[in-house]
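K.L.:
Just need the structure, nothing else, for what follows:
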Amino acid sequence: MSTADTEVRGQSSHRPEETREKIDFKMITFSLAGREYGIDIMRVKEISKIDRFTYVPNGSPFLRGVYNLRGEIIPIIDFRIMFHLPLKPIQPGKPEDVLILNAGDQVMGVIVDSIDKVIGVSSQRVKPAHPLFHDINVQYLSGIIEYDNSLYIVLDVDRILGVGEEPPAAAPAPDTAAVAAPEEEPAAFELPPEEEGPDSLELGFIRDTLSAFRDFVVSDLNVEWAKARLGEWRDLRSSQGLGVQLTEPNEADDFLETFYSPYTGELWGAAYADEIEELLPDLPGGTLSAWNPGCGKGYESYSFAALLARRYRGKRIKVWANDNDLLGISMAPTLTFHEEAITPPLAPFVAKARSGLGFKQELKDTILFEYHDILHPNPFPEVDLVLARDVLSFFNPAQQQILVDLFRSKLRVGGMLLIGSNERLPESGWKEIRKGAVRGYERLADEDPSNKEQVT
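P.N.:
Below you'll find the predicted structure:
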């Protein structure tokens, strides 16, 4: 059913006093756990009743499955589970109310308790959401609207589904047992100091605009790359008759083009996978566990899992793959590829799927994809490997330090942290190991408190 049809069915009538207002905001209203909610009608593709989803193994708890929407396979998530709301008993075979939403250039469905109607009001009626609406994190709310003696909570679809600009980060809630530190202790990662001279002024400007446009933070972690890139950027822009300054998000993307590690957003090539394999340590025992925060759509998780299966034959492998991109993490378990994307090292783990090639179930069973904010508590046990390519640079220096401490606390002694090709850890407690474009850090044993010399 189209949006237009939805409005007809909903009989979007207005109260007399509203006829004098400019009606410039319409929303679909629905209920969740006894409360009334709304979503901007421009984000709703259609409404539907669906009684059958295809189950996705190893998916997030709120991913009920996937659905064939006129030939397009879309993920179906349950808002009630996602927001930890009371769940009505699910009756097999009984259709459930689903809103089909547009999220960027993708489509997905969300299950709600019931869909009500379409209402139209003046956008001036939308008031800021008060923290008392604690059933759902306030950062996911656009505001509240009073209409016909009812109060509607308006959800921000883009923020919920991770499309576009990220919401302002709330105070991080890390694994405090692992990363607790005195409040006055300075972070190991700091913004580069302001120096005199044109290079420093340009670097300062680049730093500020990268942070504003793309949440990329220049710090001790990546300042060497930033300085080198600035020289390249200056020459490139000069040849184009342009200034060094970044004036729009697209220019920030161009500046960051050389920052990302090889094969970002695609399956790893054979030579790159070989370089990582050479760095991986020999690990004792019959099981191996790894953590892949910032896994995106799952390309590197599958590449990593296949590499681990090849490198550690005979071991039982488990990979925790996390990301706060809801669409990407929801679709990761069903990812398919064209034949040309499969390199020889990946071929043994691939089988034919309905819409191309997919990874075999035995490899999929080693990966658990979860929607998760890395700064929130991470409940899984110690791991042997952490793969966090290009993740740290998109947090502020204090958060970078929290995350490095967290990685260290989660890694067993002798385990390895793999970070971005253009990132480095400027601190003790790690042994850097490099191979080509791969940068790894072996986790060293904790310093003996009786020994005042720093571990190197």
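K.L.:
Report how many residues lie close to residue 201.
P.N.:
A total of 13 residues lie near residue 201 under the criterion other CB atoms under 10 Å. (Each C-beta comes from the backbone N, C-alpha and C, glycine too.)
K.L.:
quick one: secondary structure of it?
P.N.:
Applying DSSP: H, G, I helix; E, B strand; the rest coil to residue 201 yields a three-state assignment of helix.
K.L.:
With the one 4 residues further on instead?
P.N.:
In terms of secondary structure, residue 205 is helix; the call rests on three-state DSSP.
K.L.:
hang on, it packs against residue 245?
P.N.:
Yes: using CB atoms under 8 Å, residue 205 makes contact with residue 245 at a distance of 6.0 Å.
K.L.:
Now do the strand or helix carrying residue 67: which elements does it pack against?
P.N.:
Using DSSP states H and E, residue 67 sits within strand 63-69. In terms of contact count using 3 or more CB pairs under 8 Å, 6 or more residues apart in numbering; DSSP states H and E, strand 63-69 is assigned the packing partners strand 72-78, strand 106-112.
K.L.:
how close does the residue nearest to residue 425 when sequence neighbours are not counted sit to residue 426?
P.N.:
The shortest distance from residue 425 to any non-neighbouring residue, by CB to CB, 6 or more residues apart in numbering, is to residue 441 (5.7 Å). With the distance defined as CB to CB, to the nearest Å, residue 441 ends up 11 Å from residue 426.
K.L.:
which one of those two has more residues nearby?
P.N.:
Looking at residue 441 and residue 426 with other CB under 10 Å, you find the greater number of neighbours at residue 441, namely 25 against 13.
K.L.:
domain parsing for this protein?
P.N.:
Following the assignment in automatic domain parsing, the chain carries domains at 3-160, 198-256, 270-443.
K.L.:
Single out the most deeply packed of the ones you listed.
P.N.:
Of those, the one with the most neighbours on average (mean count of other CB atoms under 10 Å) is domain 270-443, at a mean of 19.
K.L.:
per-residue pLDDT, the nearest residue to residue 43 once chain neighbours are set aside?
P.N.:
Residue nearest to residue 43 in three dimensions, not counting chain neighbours: residue 157, with 4.5 Å by CB to CB, 6+ apart. pLDDT, residue 157: 85.
K.L.:
for residue 88, same thing?
P.N.:
With respect to pLDDT, residue 88 has a value of 76.
K.L.:
As a check, name the ranges of all helices in the chain.
P.N.:
Under the criterion DSSP state H, helices of the chain are mapped to 3-10, 79-82, 157-160, 176-179, 198-214, 223-239, 249-256, 270-279, 299-311, 326-331, 361-364, 397-410.
K.L.:
mind putting those in TSV, distance to residue 142 included?
P.N.:
Written out in TSV, the entries for the helices of the chain read as follows (distance: least, CB to CB, whole Å):
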stretch	distance to residue 142
helix 3-10	18
helix 79-82	15
helix 157-160	8
helix 176-179	32
helix 198-214	22
helix 223-239	35
helix 249-256	22
helix 270-279	42
helix 299-311	32
helix 326-331	17
helix 361-364	36
helix 397-410	26
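K.L.:
Show me the one of those helices that comes nearest residue 434.
P.N.:
When the helices of the chain are ranked by distance to residue 434, counting by CB to CB, first place goes to helix 270-279 at 7.9 Å.
K.L.:
tell me the angle the closest one makes with helix 299-311.
P.N.:
For helix 270-279 against helix 299-311, the angle between stretch directions is 60 degrees (axes from the mean of the first three to the mean of the last three CA atoms, to 10 degrees).
K.L.:
which other helices and strands contact helix 270-279?
P.N.:
For helix 270-279, the contact count by 3+ CB pairs under 8 Å, 6+ apart identifies helix 299-311, strand 411-419, strand 430-435, strand 438-443 as packing neighbours.
K.L.:
If we ignore the residues flanking it in sequence, what's nearest residue 93?
P.N.:
Of all residues apart from its sequence neighbours, residue 51 sits closest to residue 93 (CB to CB, 6+ apart), at 5.8 Å.
K.L.:
okay but the one you found is in contact with residue 95, surely?
P.N.:
Yes: applying CB under 8 Å, one finds residue 51 in contact with residue 95, separated by 4.2 Å.
K.L.:
Report the spatially closest residue to residue 287, excluding sequence-adjacent ones.
P.N.:
residue 316 (4.5 Å).
K.L.:
Likewise for residue 354?
P.N.:
Computed as CB to CB, 6+ apart, the closest residue to residue 354 that is not its neighbour in sequence is residue 336, at 7.9 Å.
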